[in-house]
Structures are given as C-alpha cells and as structure tokens.
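Undergrad: Please find the sequence and the predicted model below.
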Amino acid sequence: MRACFVFAFLLLQGTASAATLNVEVNRQGFTGPMQVAVAPRVDGRPPAWSATKTLPAGKSSVSFDGLDAGLYVVLASGPQPLQRLSAKVNLGTDGAALRLVIPKSKTELRATMAGEPLPRALVGLTHDQLRWHTEIETGDDGRFAGDLWEPGLYSAGIRRDPLSAPHRRGGSAES
C-alpha cells in the first residue's frame, strides 16, 4: 500500500506544470535598460521578488519560465527612483502575457519643515495598492523632479538624514 501511495504522489508531482509569463513593454521613447521583476501577489504584504531579469536598451520583451499558476505582481523599473510601473497578472497553467506601457509623465515634490525646504532629505515612497517601495533624495532646495511611471496613492516617510527617524504621511502622485 505504501509503495502505491509513493508512486501516486510522484505521478501527481510530475504532472504539476510550470507556466511561462511573457512580459512586453511599450517603451514610449524610453531607451534605457530596465529591470523586470516578478513576485507572488499577497494582499497587504510587500512583494517578495522571486525572479528578476534585465531588459537591455532596445529590447521590449522578456519571459519568465517555470512559474506556478497564481496571482503575481510584475514591476518594470528604470534607473531613476520613480521609474517604476507595476501590474497584477493572473498566471494560468498554460501561461499568460502582460503588456506594460511606459507613460510619458513627470512629477515634482518638495520636502519642507515649517515652510522651509529640507535639503538632501531622504523620502521613502511605498505604492499603497501594489506595496513596492523606492527612495529618493531631494536636492539642496528640498525638491525632486523626475519621471513618474506609476501614478496613484503613495505613503511617504521623510528623513532629514539617514540616522533620523522618518516622518510618515499618505498622499498621491498624479501625472
């Protein structure tokens, strides 16, 4: 009886199929390299990236083989801190395709305390819905300006220097 159980278990394990996720990025003029990362989607938790690949300049697609079926979050990121675009995808046993379109949007933020700029402040931003995190540093005038690929609501933690405790606040980034 035990031999039958082990044999049946091995048969079931051998039939579990791994799926392929194909990610295509419409660069909209962005010419630099980017990282594409995949994480299982767990509501309320930050992504635990299980696979990351580099998409070289000039290439637009990448595949992730051997993934289990389920819900995932995919993050495409460029070299600047707010060059982040993510999406959820439901990966079936026969695979899935995801198309990301990089928007041509910019943003600017300003860190102040009592109306005075906070030069070289460290701002940690977490996307409220998809839970990924990035950090930026303001300039000498307390400002940051750059590309914004993922508009939406963010939570922010602002520190004057790496050793200080952050001041946290919710907000939004609109294109």
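TA: Nice, I can see it.

Undergrad: From here on, just use CA atoms for contacts and neighbour counts.
TA: Will do.

Undergrad: quick one: pLDDT of the residue most central in space within the chain?
TA: By CA atoms, centre = their mean, the chain has its centre lying nearest to L75, at 3.4 Å. Per-residue confidence at L75 stands at 94 (pLDDT).

Undergrad: contacting residues for it?
TA: L75 makes contacts with Q35, V36, A37, V38, R84, L85, S86, A87, as judged by CA atoms under 8 Å, 6 or more residues apart in numbering.

Undergrad: Setting the sequence-adjacent residues aside, check what's closest to the second one.
TA: This means V36. Of all residues not flanking V36 in the chain, A76 sits nearest, at 4.4 Å (CA to CA, 6 or more residues apart in numbering).

Undergrad: show me what contacts the one you found?
TA: Neighbours of A76 in contact, by CA under 8 Å, 6+ apart: M34, Q35, V36, A37, R84, L85, S86.

Undergrad: how much space between it and E135?
TA: From A76 over to E135 the distance is 16 Å, taken as CA to CA, to the nearest Å.

Undergrad: List the pairing partners of the helix or strand where A37 lies within its sheet, with orientation.
TA: A37 is part of strand 34-40, with elements assigned from DSSP states H and E. Paired neighbours of strand 34-40 in the sheet (DSSP bridges): strand 51-55 (antiparallel), strand 70-77 (antiparallel).

Undergrad: Good, we can wrap up now.
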